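Chemist: When you get a sec, could you give me coordinates for this:
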Amino acid sequence: MGKSDKIVTAVDVGTTKVVVVAGRKTEEGKVEVLGYGKARSMGVKRGIVLNIEEAFSAIHEAVRQAEDMFDGDIDQVYVNIAGQHLKTISSKAEKYVGESRIVSEEDVDALFEIARRVEMPEGFKIYHTCPQLFSIDHEIGIPNPVGITGEKLQADFKLLAAPEVYENNLKLCFERAAIQVKKTMVDPLASSEILLSDDEKEAGVILVDIGGGTTKVAVYLDGVLAYSFLIPFGGNVITHDIKEGCSILARQAESLKVQFGQAMGDFAPEDKVVTIPGISGWEPKEISFKSLAFIIQARMEEIIDAFFYQIESTGCLDKVGAGIVLTGGSALMPNLSQLIKFRTGMDVRKGIPRLHLDDHWKPLEDPRNATVLGLFFTALNDAAEENEKEFFFKKKKKKTRTTQPGIFAQMRKEVARQVTLFFEDEQDTEMF
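Modeler: Below is the predicted model of the structure:
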């Protein structure tokens, strides 16, 4: 394995399942999945780790499965953060450019730090700092200000914040397995990385991820994240309604939903029924496809109305030109896209993650794996950037080896020293 073929690992800790994907990007740029693990989630409610011991057990099982596939050890992971108390906070920052009057990367970094100096609710932490368009003096709408001349640099920011306990509890679970959490990403930013195109983000798009216990939403306008929030219920409430409405077990209700359910009762056949085996000698039950569909539709309409109300309250609907991208396990339900379009009046497409994996791993490219593949995609890109910096650093060091005497040799040594200091500082800085 070449030095650039660094193995990275992503872990999606969800309400219903824990999924692990480990792999690498080769020197040829090909994505290789080396390990995959999946376990039933425990100790997690509505995306939040509540029971450390139970959650650790599920994480450990999924990680062990992935490690066994490539006979290696996982010691660092990228992991998602979810929870109903996720907040999107607006912040504005400005900074006067130095004497050179040319905006540098240091100026932009300083602007980020200024933006993060906002009053936060007690116990909350900023997980992501998302800049909107920059402005310099009277020139507005600048996507990248580095290298532009001016006196005053300004920008609006969206800060994604959540209770710090979300991250702390996750880290406790992984620490028990001797695994370091290298990076955390707020849902649904992770899945946005792999599901949304730049053109969609520029036109305005809404990503809706309906998972087992939560529904996560991200709104992109003019190419940048504008809003993100979470609805504290998802597919699990549909399973519960089927269980109660049909008087069957929860596992039977889940199977009914997955195998025979659809989101619109009017489209379900009237003459088809499914037979549920009786329990402990009781008579079997017959449930019609149409009755099942109407149970699902009633609850799904509540989920749609809940997230659409939140979107309407932002006042940004008129700016969304692309529509809604639907992902998550519930995205596979027949006629759900039509139901969402009917309830919201917006165009809808299904979001399927694409990493161009080989045939063996092609089934992973599924809406149910959008979050873990988004984390995996981010980890691969970060590893590639680290390799580029390492290569550039070594190249610079090599160029400083000189035996030439005199002032020019001293100047070369000083330039090399400054480059070394620059990249040492860069590697110690966590980027959001």
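Chemist: what about the helices in the stretch 151-300 of the chain?
Modeler: 164-176, 189-195, 198-203, 235-246, 250-260, 289-314 (DSSP state H, counting those that start in this stretch).
Chemist: hey, which of those helices is tucked in deepest?
Modeler: Most buried of the helices of the stretch 151-300 of the chain by mean neighbour count (mean count of other CB atoms under 10 Å) is helix 189-195; its value is a mean of 26. Placement of C-beta: from N, CA and C, glycine included.
Chemist: and the helix or strand hosting Glu67 with helix 164-176, angle?
Modeler: Assessed by DSSP states H and E, Glu67 sits inside helix 52-70. Angle of helix 52-70 versus helix 164-176, following axes from the mean of the first three to the mean of the last three CA atoms, to 10 degrees, is 50 degrees.
Chemist: Relative to Val19, which of the helices of the stretch 151-300 of the chain is closest?
Modeler: helix 189-195 (11.9 Å; CB to CB).
Chemist: Which elements pack onto that closest one?
Modeler: strand 205-210, strand 215-221, strand 224-231, strand 323-327, helix 370-399 (3 or more CB pairs under 8 Å, 6 or more residues apart in numbering; DSSP states H and E).
Chemist: Let's have the ones you listed in a markdown table, adding mean pLDDT and distance to Ser291.
Modeler: Shown next, in a markdown table, are the helices and strands packed on helix 189-195 (pLDDT from 0 to 100; distance: least, CB to CB, whole Å):
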| stretch | mean pLDDT | distance to Ser291 |
| --- | --- | --- |
| strand 205-210 | 96 | 22 |
| strand 215-221 | 94 | 24 |
| strand 224-231 | 90 | 26 |
| strand 323-327 | 96 | 25 |
| helix 370-399 | 76 | 31 |
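Chemist: that older thread, of the helices of the stretch 151-300 of the chain, which is nearest Asp156?
Modeler: Closest among the helices of the stretch 151-300 of the chain, using CB to CB: helix 289-314, at 14.6 Å.
Chemist: still on that earlier bit, quick one: the helices of the stretch 151-300 of the chain as TSV, columns for distance to Glu113 and mean pLDDT too.
Modeler: Shown next, in TSV, are the helices of the stretch 151-300 of the chain (distance: least, CB to CB, whole Å; pLDDT from 0 to 100):
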stretch	distance to Glu113	mean pLDDT
helix 164-176	19	95
helix 189-195	20	91
helix 198-203	25	94
helix 235-246	40	93
helix 250-260	47	93
helix 289-314	27	95
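Chemist: can I get these in TSV with distance to Ser41?
Modeler: Below are those laid out as TSV (distance: least, CB to CB, whole Å):
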stretch	distance to Ser41
helix 164-176	11
helix 189-195	17
helix 198-203	30
helix 235-246	11
helix 250-260	14
helix 289-314	20
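Chemist: Could you break this protein into its assigned domains?
Modeler: 86-163, 188-351 (automatic domain parsing).
Chemist: Between its first and last residues, how far does the shortest one reach?
Modeler: Using CA to CA, to the nearest Å, the span of domain 86-163 from its first residue to its last is 8 Å.
Chemist: swap in the last one?
Modeler: End-to-end distance of domain 188-351 (CA to CA): 13 Å.
Chemist: residues touching Lys6, list them.
Modeler: Lys6 sits next to Arg24, Ala383, Glu386, Asn387 when contact means CB atoms under 8 Å, 6 or more residues apart in numbering.
Chemist: and these, which are buried?
Modeler: Arg24, Ala383, Asn387 (16 or more other CB atoms under 10 Å).
Chemist: Same list (these) but as CSV, adding distance to Gly14.
Modeler: Listed next are the buried ones among the contacts of Lys6 as CSV, based on distance: CB to CB, whole Å:
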residue, distance to Gly14
Arg24, 24
Ala383, 24
Asn387, 30
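Chemist: Just the closest of those residues to Gly150, please.
Modeler: Asn387 (34.1 Å).
Chemist: And Asp347, how far from His240?
Modeler: Separation of Asp347 from His240 (CB to CB, to the nearest Å) stands at 31 Å.
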